[in-house]
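**Q** Have a look at this prediction, sequence included:
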Amino acid sequence: MQVKIFLNDELIGTSFLDASDPPMGVASGKFDPASAYEPAAHAFEIDGDYNENGANLPFVIKAEEELVECAGAGIQDYSTSLGERHVEVLGIPYPEYEVRFSAYDSYKAYIGRS
């Protein structure tokens, strides 16, 4: 699922999310930053170190301009050490999670369908 990630109506980045923990409503994917993204302000983890400034931010997640209901999201930035950034979206409720991810191989594998 392609998503845009906003904070205070400003685009922070995008991601293609995959089902990563269906029972907990967690989806995750590579984070592609927008020009407004600043690791020290937006990432809760930077190269393995906890960053309080980026923790518990009220990110808004949208898929095709539609709000994705969730409990929260967090960005892990390992761009300096590994050249990677990652986002996790937590607590996507059912049935929304199933509707959005039921066609994904990772979701099918979890529930035993292929």
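**A** In hand now; what should we look at?
**Q** Would you mind listing where the chain has pLDDT under the threshold?
**A** Within the chain, the segments meeting pLDDT under 70 span 113-114.
**Q** the strands in the chain, which residues?
**A** Taking DSSP state E as the criterion, the chain contains strands spanning 2-7, 10-16, 18-21, 26-33, 45-46, 49-50, 60-63, 66-67, 72-78, 84-90.
**Q** Does anything pack onto the fifth one? Which helices or strands?
**A** Read that as strand 45-46. strand 72-78 (3 or more Cβ pairs under 8 Å, 6 or more residues apart in numbering; DSSP states H and E). Any C-beta I mention is one placed from the backbone N, CA and C, and that applies to glycine too.
**Q** and the strand it packs on, which residues are buried?
**A** Buried residues in strand 72-78, defined by neighbour count with 16 or more other Cβ atoms under 10 Å: 73, 74, 75, 76, 77, 78.
**Q** next one: stretch 19-35
**A** For stretch 19-35, the neighbour count (16+ other Cβ under 10 Å) marks 19, 20, 22, 25, 26, 27, 28, 29, 31, 33 as buried.
**Q** Dig out what the fifth one forms beta bridges with.
**A** Okay, so that is residue 26. With DSSP bridges applied, residue 26 shows beta-bridge pairing to residue 21.
**Q** The residue nearest to residue 61 when sequence neighbours are not counted: neighbouring residues, count only.
**A** On the basis of Cβ to Cβ, 6 or more residues apart in numbering, the spatially nearest residue to residue 61 that is not a chain neighbour turns out to be residue 68, at 4.2 Å. Each residue near residue 68 was counted by other Cβ atoms under 10 Å, and the total is 21.
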